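S.K.: model this:
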Amino acid sequence: MRIIAPLLALTLLPACATTSMGEPPLAGGGTCSAEGLQSAVGKRATAALGAELLAQSGARTLRWGPPRSAMTMDYREDRLNVSYDDDMVIERVNCG
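M.R.: Numbering: from 1, shown residues only. Next up, the predicted model:
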């Protein structure tokens, strides 16, 4: 029984990653600007759209925000956040 608990903890650890949708953070330029990206709200969240938004924002990192997931509140000027609902429809696009 003592071996099962640590093994279970190790299997749950990947769920804490900042990107969900099975993709690593994508590289961009630097400081994020969400200006002009609000047109993505209501569109389907896909890897291709995420890469496009990341490139347009100038951010260095893309963080997907799945429904009912905890996200840290730390502000990073080089990060673009894209939150989506259960139907994979984008609800919010912001920097930080």
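S.K.: So what's the residue count around residue 32?
M.R.: By the criterion of other C-beta atoms under 10 Å, residue 32 has 24 neighbours. No exception for glycine: its C-beta is placed from N, CA and C like everyone else's.
S.K.: Let me see the contact set for it.
M.R.: With contact taken as C-beta atoms under 8 Å, 6 or more residues apart in numbering, residue 32 is in contact with 57, 58, 59, 60, 77, 78, 79, 80, 95, 96.
S.K.: And the pLDDT at the second one?
M.R.: Translated: residue 58. The model reports residue 58 with a pLDDT of 95.
S.K.: now do the last one
M.R.: For residue 96, the pLDDT comes out at 93.
S.K.: Narrow the contacts of residue 32 to those in strands?
M.R.: 79, 80, 95 (DSSP state E).
S.K.: What strand or helix carries the nearest residue to residue 38 once chain neighbours are set aside?
M.R.: Nearest non-adjacent residue to residue 38, counting by C-beta to C-beta, 6 or more residues apart in numbering: residue 93, 6.2 Å away. In the assignment (DSSP states H and E), residue 93 maps to strand 90-95.
S.K.: residue ranges for the helices of this structure, please.
M.R.: Along the chain, the segments classed as helices by DSSP state H run 4-12, 47-57.
S.K.: For those helices, which has the smallest mean pLDDT value?
M.R.: Averaging pLDDT over each of the helices of the chain puts helix 4-12 lowest, since it has a mean of 44.
S.K.: Point out where the chain drops to low pLDDT.
M.R.: 1-29 (pLDDT under 70).
S.K.: before we move on, back to that, could you redo the ones in strands among the contacts of residue 32 as CSV and give each row distance to residue 71 and neighbour count?
M.R.: Shown next, in CSV, are the ones in strands among the contacts of residue 32 (distance: C-beta to C-beta, whole Å; neighbours: other C-beta atoms under 10 Å):
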residue, distance to residue 71, neighbour count
79, 11, 21
80, 13, 29
95, 13, 19
